[in-house]
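Asks: coordinates for the following, if possible.
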Amino acid sequence: MNQPPSVLQTPGFAHYSVAWSPFHTSRLALASAANYGLVGNGRLHLVSVTPGPGSLRGLNVEKQYDTQDGLYDVAWSEIHENQLVTGSGDGSIKLWDVMLNDLPIRAWQEHSREVFSVDWSNIKKDTFASSSWDGNVKLWTPDLPRSIMTLNAHLSCVYQALFSPHQPDILATCSTDGTLKIFDLRSQSYAAPGPNTNNFTHPLSAAALTVPASGTEILSLDWNKYRPFVLASVGVDKAVKVWDCRMIKTGPDAGQGVGGICEVQLPGHEYAVRKVQWSPHRPDVLATASYDMTCRVWTTNPPAGRPFLLHIHDPHTEFVVGCSWSLYDEGVLASCGWDSKLNVFRV
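Replies: Below you'll find the model as predicted:
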């Protein structure tokens, strides 16, 4: 029997993203926005998970930080247990320290439109990436006042940019243009610029691989944690697709890779899928969050005769736009949505 989820409600703020701390087993961060992110301020919530009777857990807001614009994503630092970075609707990126009570410890303002994703490299632990509706991806280190690299990744909104968990110089992106792109930052295109140019004024754009993954917008992607160059993508077409990017059809232009083999396609969501994340514990399990108000868990390798769909989590009453696997407790998943609720449950 499935246990009911633990629920935290934050009235007035719709959630866009949830992330478990890589250092603390019971700490979560929530990126939120007033008025569904359309207008108004944002809020970063720090949430603690406390044990309860049976498998039930208590969820408590430890601290919160208000911002002038909505927050769309949050990522924990990989080098400092008390720090995390957020991306905002006003194009700003802010670094926070949870030991402080009010203001961010650093802020950057280079993107010209909404910052929709932030991701901290778990290999190059002093580096994080941001992606924006301005079509650019930027790489940062916490100690420098400006970005260290800019990629003209797509001509339109870049919904997500993620470092590979296997190779430090590989980055994947997804966009409104229906493509996944993989950038190899070691390639000659990304060599150090000459004395009169830099990556800030002359951004780079050459992708090592372009995967035409959908005829509509791709809203989220994730790297498999056990199989290098295997990606999952989701978006407006409602399907979950798993890609093996080693199976490449070579394109005619400049020797760049074009294509990729779709290993598995998982239909089932009724509306667009807003988030996908592979399990950190199993190579065949992934979770999705959708505008159909459900969070679902899938296996890409079911036993003979069994379905791909393992679990449907449907207590949310509005769009579910974020989900995150616990890094320490296998089978525990957090989901968040526009109903101002954070749910933590065991699959």
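
Asks: contacts and neighbour counts: CA atoms only from here.
Replies: OK.

Asks: mind checking how far Ala239 is from Leu310?
Replies: With the distance defined as Cα to Cα, to the nearest Å, Ala239 ends up 16 Å from Leu310.

Asks: okay, these two: which has more neighbours?
Replies: Ala239 (19 against 15; other Cα atoms under 10 Å).

Asks: my guess is that one meets Val264, correct?
Replies: No - with contacts counted by Cα atoms under 8 Å, Ala239 stays clear of Val264, the gap being 10.1 Å.

Asks: quick one: Arg186 and Asp169 touch, right?
Replies: Yes - here Arg186 reaches Asp169: they are 6.3 Å apart, a contact under Cα under 8 Å.

Asks: between the two, tell me which one has more neighbours.
Replies: It is Asp169, of Arg186 and Asp169, that has more neighbours when counted by other Cα under 10 Å, with 16 against 11.

Asks: pLDDT score assigned to the more buried one?
Replies: Each residue has a pLDDT score; the one for Asp169 is 94.

Asks: and the nearest residue in space to it that is not next to it in sequence, how many neighbours?
Replies: Using Cα to Cα, 6 or more residues apart in numbering and skipping residues adjacent in sequence, the residue nearest Asp169 is Leu185, 5.1 Å away. Residue neighbour count, defined by other Cα under 10 Å, stands at 19 for Leu185.

Asks: got the contact list for Leu185?
Replies: Leu185 is in contact with Asp169, Ile170, Leu171, counting by Cα atoms under 8 Å, 6 or more residues apart in numbering.

Asks: residue ranges with poor pLDDT in the protein?
Replies: Low-confidence segments of the chain (pLDDT under 70): 1-2, 52-56, 188-205, 248-260.

Asks: if we go to 50?
Replies: Residues of the chain meeting the criterion pLDDT under 50: 1, 196-200, 250-256.

Asks: which one of the contacts of Leu185 is nearest Ser117?
Replies: Closest to Ser117 out of these is Leu171 (13.1 Å), distances taken as Cα to Cα.

Asks: secondary structure element for that closest one?
Replies: strand 170-175 (DSSP states H and E).

Asks: run the chain-centre distance for that strand.
Replies: 11 Å (Cα atoms, centre = their mean, to the nearest Å).

Asks: strands paired with that strand, and their directions?
Replies: In the sheet, strand 170-175 lines up against strand 158-163 (antiparallel), strand 179-184 (antiparallel) (DSSP bridges).

Asks: quick one, which of these is nearest to Thr10?
Replies: Counting by Cα to Cα, and looking across all of the strands paired with strand 170-175, nearest comes strand 158-163 at 25.0 Å.

Asks: how many residues are close by Gly268?
Replies: 12.

Asks: so how far is Val240 from it?
Replies: With Cα to Cα as the criterion, Gly268 and Val240 are 9 Å apart.

Asks: with Val211 instead?
Replies: 15 Å.

Asks: so between the two, which is more surrounded?
Replies: Higher neighbour count among Val211 and Val240: Val240, with 24 against 21, using other Cα under 10 Å.

Asks: that one touches Cys262, doesn't it?
Replies: No - using Cα under 8 Å, Val240 makes no contact with Cys262, being 10.3 Å away.

Asks: which neighbours do the two have in common?
Replies: With Cα under 8 Å, 6+ apart, Val240 and Cys262 have no common neighbours.

Asks: name the nearest residue to Ser77, sequence neighbours excluded.
Replies: Leaving out its chain neighbours, the residue that sits closest to Ser77 by Cα to Cα, 6+ apart is Leu84, at 5.0 Å.

Asks: picking that back up, neighbouring contacts of the strand holding Leu171?
Replies: 153-154, 156-164, 180-185, 217-221.

Asks: could you name the specific helix or strand carrying Lys241?
Replies: strand 240-244.

Asks: in its sheet, which strands sit next to that strand, and in what direction?
Replies: So strand 240-244, judged by DSSP bridges, has these partners: strand 230-235 (antiparallel), strand 261-266 (antiparallel).

Asks: how far off centre is the first one?
Replies: With Cα atoms, centre = their mean as the basis, strand 230-235 stands 12 Å off its chain's centre.

Asks: please apply the same query to the last one.
Replies: What separates the centre of strand 261-266 from the centre of its chain is 20 Å, taken as Cα atoms, centre = their mean.

Asks: that one: which residues count as buried?
Replies: Ile261, Cys262, Leu266 (16 or more other Cα atoms under 10 Å).

Asks: partner residues bridging Val332?
Replies: Val332 has these beta-bridge partners by DSSP bridges: Arg346.

Asks: give the contact list for the closest residue to Glu78 other than its chain neighbours.
Replies: Computed as Cα to Cα, 6+ apart, the closest residue to Glu78 that is not its neighbour in sequence is Lys125, at 5.3 Å. Counting by Cα under 8 Å, 6+ apart, Lys125 touches Ser77, Glu78, Ile79.
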